[in-house]
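Colleague: Kindly return the folded structure for what I paste below:
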Amino acid sequence: MSGSTMTAIKHALQRDIFTPNDERLLGIVNVCKAGKKKKNCFLCATVTTERPVQVKVVKVKKSDKGDFYKRQQTWELRDLTVVDAKDASKENPEFDLHFEKVYKWLASSTAEKNSFISCIWKLNQRYLRKKLEFVNVSSQLLEESVPSGESQSVAGGDEDALEEYQELSAREEQDIEGMMEMCEYAVSNAEAFAEKLFKELQVLDGANIQSIMASEKQVNILMKLLDDALAEVDTIEGKLSSYEEMLQSVKDQMDQISQSNRLIQISSTNNGKLLDEIQFLVNYMDLSKGHIRALQEGDLTSPRGIEACISASEALLQCMNVALRPGHDQLAAVTQQQKLFSELRDTFARRLTNHLNNVFVHQFNHFSYFKMAIPQYYRSSCLSLPGHDQSSTLSQNSAELTLPKHSPLHRDLLRYAKLMEWLKNTQREKYEGLSRTYVDYMNRLYEREIKDFFEVAKIKMAGTSKEAKGKFGLHGSSGKLTGSTSSLNKLTVQGSNSRRSQSSSLLDMGNMSASDLDVADRTKFDKIFEQVLSELEPLCLAEQDFISKFFKLQQHQTVLPPLAQPETEETDGSIPSRMPPQADHRHSLSSEKDMVRLMMNKIFQSIEPELNSLIALGDKIDSFHSLYMLVKMSHHVWTAENVDPASFLSTTLGNVLVTVKRNFDKCISGQIKQMEEVKISKKSKVGILPFVTRFEEFPELAETIFRNAERRGDLDKAYVKLIRAVFMNVEKVANESQKTPRDVVMMENFHHIFSTLSRLKISCLDTERREAKHKYTDHLQSYVINSLGQPLEKLNHFFEGVESRVALGVREEEVSYHLAFNKQELRKVIKEYPGKEVKKGLDNLYKKVDKHLCEEESLLQVVWHSMQDEFIRQYKHFEGLIGRCYPGSGITMEFTIQDILEYFSSIAQSH
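Modeller: Modelled structure (predicted):
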């Protein structure tokens, strides 16, 4: 197929098929399927005009009518994997395209095939750049297809044609159609039409050349004008060059001025910074002459001198703690000032330490002389009188039971509190040395005062007992009270029936004779013990408050000042380490609280032993004192813990409270032991046991002592222990009793216990109160039944036999037919119990019961009334059996219920 024909076909396909679909036709080849009947069609390579560009291979076939072309099949170029040209060295129009399957084609000519394959290669390189395999295609063909700038047709594979192809406009299409209409064979003979157009183009080219040659004059004029314009441009360029040289000179001068200004500005900035540094050093590292004079020779005795020293020390500390900027420490003036500050600090610290040491010694000597002279005089006067009552002597001659107040000493020393804080922040060693000195002096002072105080307290306490006055004496200056251990620990058990004797045994608690110990003595002891605690508590609190203020030791959570960043030292002596701010503050607070507690422990190290000694004395005098001490000590511990749970006072009183609680438990155990050791007489009736009576009086006194007390739980536990021991030992005595029946011992004592618990209304013993009532009721009933079995013994045996026959299945009305239980036997048994005999038996029973029961409990009438009720119950039971087993016999008892009531009443009245 000729080139002009292919061009016409290409134009027709572009217009009819691809333009409506916004596509451009770039390559075409006339093919038919290989190996089949030749049906010509066209393979077209197209691209879309819209982006993104899509490259397609379209199969176009002419319609059967032959009037137009139609699209038959389309493949995407990206789906093409292999192009096989069959033979690269020989001309062969066959080629294969591998899409989803292999399509074999036969081109109309080898040139068209090569042109189409080249177009496919270019499109792939320009738009897809995918790995497309070209088989049996000469490399020369692909190399020639690389764009070289030469104009080739799209069919020939030129890339410029791909880029420069433009679609005909509507005006151009109209002109072409007009030309084709003017030529009749434009369509039928395209070659002749193209030849005609070529000839006309040559004619037009010749006319154009002639027209250009005719306009040579105008060209010459234009060239002259261009030459003149170039000359004018050269002139203007010369002037611009001169102007540029002038401006360059001005620019150099301006650069020099700018550089000078910049240097001036830098110099001014440096001078300002230097001035700031000098002002900083002058403001923060300069100490006035007045402050220096105060630090070197200021008066530390007058208030005005102390204030001047405080101001000077604070100014010195502020100067020493200034945060220097980088490089300041290398300045000679700064080094000189720092050296001056260190010398002033050491000088003033030494002066302050010596002065405060002198103050401590002076105050200690002053207080020691005035506070110890009078007690020493009284102690010597008491010991110089042989046989004289020491307790009465001290109570008459000595002052009240009070401890000296140290508020004047504290007030004088607190003037130096701020100086102590300065010393703590600057000279830690001297600060700690002063702390040790103060603790040492105050320890000796307080030790003397506290020993004298407890000495008077012990003598007053011993004076509450007449027996103690004869058994306890004061020996030496230590103030310890000693006595006979055997006399203090002697156990006395009162076994008589006297209520006064039993009460004395209770109050004695097994240690001393209670005849000399009454409620007034215990109340006096309670007041003495309360006075001791009331004197110690403000003394310790005042001293602890003074220590925290004077030595600046924090007891509560506060915010540390910015400069207060102490270093912590490891306990093993390693290098000090800086802690984080929060952990450092917590450690400092804890350490300072420990230091306060340590100082208090050293100053008042004699308080706890003296308190324990006083408690031991009180417990020996009367173990009942442990109740008073437990209540008082618990209250003071509770009060101290509310103020500061970790304070020295709270800790010390808590330790002593443990001892008091131990003594209280020992007191309860002693009572229980006394119960277990009680022995009863085999020849006399038991009655109310002594420990039952003692238990009755114990709660009465304990409730008075523990009213509104914080340790109520301890008393409730003691109640339970005691009542359980009482129950157990009552049963033990009842089982061992030979003279008195077991039921009587149980009945009387549990009735007494029930009455006591009902009267006292102790809530924690409600269960035991109900149990006591139950035991009393059970044993009363048991005693009544066992006692009543004797007066009508034969009658009881007879009716027990009747009931046994009925239980074996004999009908009640048939019992009378048995020989042993007929009517004659019944009448014989009844005749043995006439009214006179019954009354006589009851009278004997009353006498026997009267012998069994004690007078204190007054249960005789209660028991007698219960026996009357039980006797009537048995009488009614016998009458019922006679009525059911012996109906119509007319047999009755020889006495009536009215007779029974009269018997019981007359017997009770006669006695």
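Colleague: Could you list the buried residues of the helix or strand hosting Lys56?
Modeller: Using DSSP states H and E, Lys56 sits in strand 55-62. Neighbour-count burial for strand 55-62, counted by 16 or more other C-beta atoms under 10 Å, picks out Val55, Lys56, Val57, Val58, Lys59, Val60. All C-beta atoms are positioned from the backbone trio N, CA, C, and that covers glycine.
Colleague: For it, which strands pair with it and how are they oriented?
Modeller: Here strand 55-62 has these sheet partners by DSSP bridges: strand 41-48 (antiparallel), strand 69-76 (antiparallel).
Colleague: Please parse this structure into its domains.
Modeller: Listed domain ranges for the chain are 2-141, 215-267, 291-372, 678-789, 794-909 (source: the TED database).
Colleague: What is the burial count for the closest residue in space to Leu860 that isn't next to it in sequence?
Modeller: Nearest residue to Leu860 in three dimensions, chain neighbours excluded: Leu853, at 5.2 Å (C-beta to C-beta, 6 or more residues apart in numbering). When counting by other C-beta atoms under 10 Å, one arrives at 22 neighbours for Leu853.
Colleague: Deepest-packed of the strands paired with strand 55-62, please.
Modeller: When the strands paired with strand 55-62 are scored by mean count of other C-beta atoms under 10 Å, the highest mean neighbour count falls to strand 41-48 (a mean of 22).
Colleague: which other residues reach that one?
Modeller: Strand 41-48 has contacts (C-beta atoms under 8 Å, 6 or more residues apart in numbering) with 9, 13, 18, 22-32, 53-62, 69, 72, 77, 105, 116, 119-120, 123, 127.
Colleague: cool, stretch 126-142 as well?
Modeller: Stretch 126-142 is contacted from outside by 47, 53, 55, 77-78, 80-89, 114, 117-118, 120-121, 124, 159, 162, using C-beta under 8 Å, 6+ apart.
Colleague: And the residues you listed, which of them are buried?
Modeller: Buried members of these, scored by 16+ other C-beta under 10 Å, are 47, 55, 77, 80, 83-86, 114, 117-118, 120-121, 124, 159, 162.
Colleague: Wait, Ser108 touches Ile9, no?
Modeller: No - taking contacts as C-beta atoms under 8 Å, Ser108 lies outside contact range of Ile9: 11.5 Å.
Colleague: lowest-pLDDT helix or strand in the protein?
Modeller: helix 485-489 (a mean of 29; mean pLDDT, DSSP states H and E).
Colleague: quick one: Val31 is in a strand?
Modeller: Yes - assigned with DSSP: H, G, I helix; E, B strand; the rest coil, Val31 falls within a strand.
Colleague: these two touch, right, it and Ser109?
Modeller: No - with contact defined as C-beta under 8 Å, Val31 does not reach Ser109; the gap is 10.4 Å.
Colleague: quick one, which of these two is more surrounded?
Modeller: Between Val31 and Ser109, counting by other C-beta under 10 Å, Val31 is the more crowded of the two (26 against 13).
Colleague: Who's the closest spatial neighbour of that one, skipping the chain neighbours?
Modeller: Spatial nearest neighbour of Val31, chain neighbours left out: Trp105 (4.2 Å); criterion: C-beta to C-beta, 6+ apart.
Colleague: mind listing what that neighbour touches?
Modeller: Residues in contact with Trp105 (C-beta under 8 Å, 6+ apart) are Val29, Val31, Cys32, Lys33, Ala34, Leu43, Glu94, Phe95, Asp96, Leu97.
Colleague: confidence score at the fourth one?
Modeller: When you say that, I think you mean Lys33. You'll see Lys33 listed with a pLDDT of 84.
Colleague: Let me see the contact set for it.
Modeller: Counting by C-beta under 8 Å, 6+ apart, Lys33 touches Lys39, Lys104, Trp105, Leu106.
Colleague: before we move on, what about the last one?
Modeller: Remark: with contacts taken as C-beta under 8 Å, 6+ apart, Leu97 is in contact with Val57, Trp75, Leu80, Val82, Val83, Asp84, Tyr103, Trp105.
Colleague: Out of the residues you listed, list just those in strands.
Modeller: Applying DSSP state E to these, the entries found in strands are Val57, Trp75, Val82, Val83, Asp84, Tyr103, Trp105.
Colleague: quick revisit: with respect to Ala207, which of the domains of the chain lies nearest?
Modeller: Proximity of the domains of the chain to Ala207 was assessed by C-beta to C-beta; the nearest stretch is domain 215-267, lying at 12.9 Å.
Colleague: ok, and the closest non-adjacent residue to Leu77?
Modeller: That would be Val55: by C-beta to C-beta, 6+ apart, it lies 3.9 Å from Leu77.
Colleague: ok, now how distant is the one you found from Cys44?
Modeller: Val55 sits 11 Å away from Cys44, going by C-beta to C-beta, to the nearest Å.
Colleague: in the helix or strand hosting Ile672, what's buried?
Modeller: Following DSSP H and E, the helix or strand that holds Ile672 is helix 648-677. When neighbours are counted by 16+ other C-beta under 10 Å, the buried residues of helix 648-677 are found to be 648-653, 656-657, 659-661, 663-665, 667-668, 671-672, 674-675.
Colleague: And that helix, what does it pack against?
Modeller: helix 519-550, helix 581-603, helix 607-621, helix 625-643, helix 690-705, helix 712-736 (3 or more C-beta pairs under 8 Å, 6 or more residues apart in numbering; DSSP states H and E).
Colleague: so how many other residues sit close to the nearest residue to Glu700 once chain neighbours are set aside?
Modeller: Spatially, and ignoring its direct neighbours in sequence, Glu700 is nearest to Leu760 (7.1 Å; C-beta to C-beta, 6+ apart). Leu760: 15 surrounding residues under other C-beta under 10 Å.
Colleague: pLDDT wise, what is Leu760 at?
Modeller: On pLDDT, Leu760 comes in at 83.
Colleague: Do I have it right that it meets Leu701?
Modeller: No - contact criterion C-beta under 8 Å: Leu760 and Leu701 do not qualify, at 11.3 Å.
Colleague: Could you measure from Lys130 over to Asp79?
Modeller: With distances taken as C-beta to C-beta, Lys130 is found 10 Å from Asp79.
Colleague: Identify each buried residue in stretch 873-883, please.
Modeller: Gln874, Tyr875, Phe878, Leu881, Ile882.
Colleague: Kindly format the C-alpha coordinates of that stretch as CSV.
Modeller: Taking Å, rounded to 0.1, in the frame of the first residue of the first chain, the C-alpha atoms of stretch 873-883 are listed here in CSV:
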residue,chain,number,x,y,z
ARG,A,873,-46.7,-30.3,141.3
GLN,A,874,-45.9,-33.8,142.6
TYR,A,875,-49.2,-34.0,144.5
LYS,A,876,-51.2,-33.1,141.4
HIS,A,877,-49.3,-35.6,139.4
PHE,A,878,-50.1,-38.4,141.9
GLU,A,879,-53.8,-37.4,142.0
GLY,A,880,-53.9,-37.5,138.2
LEU,A,881,-52.5,-41.0,138.1
ILE,A,882,-55.0,-42.2,140.7
GLY,A,883,-57.9,-40.7,138.7
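Colleague: Return the residue spatially closest to Lys418, with its sequence-adjacent residues excluded.
Modeller: Spatial nearest neighbour of Lys418, chain neighbours left out: Ile310 (4.8 Å); criterion: C-beta to C-beta, 6+ apart.
Colleague: what helix or strand is that neighbour on?
Modeller: helix 303-320.
Colleague: ok, how many other residues are close to the closest residue to Thr81 other than its chain neighbours?
Modeller: In space, and not counting its chain neighbours, Thr81 is closest to His98: 4.9 Å by C-beta to C-beta, 6+ apart. His98 has 16 neighbouring residues, counting by other C-beta under 10 Å.
Colleague: is it true that His98 touches Asp79?
Modeller: No - judged on C-beta under 8 Å, His98 makes no contact with Asp79 at a distance of 9.3 Å.
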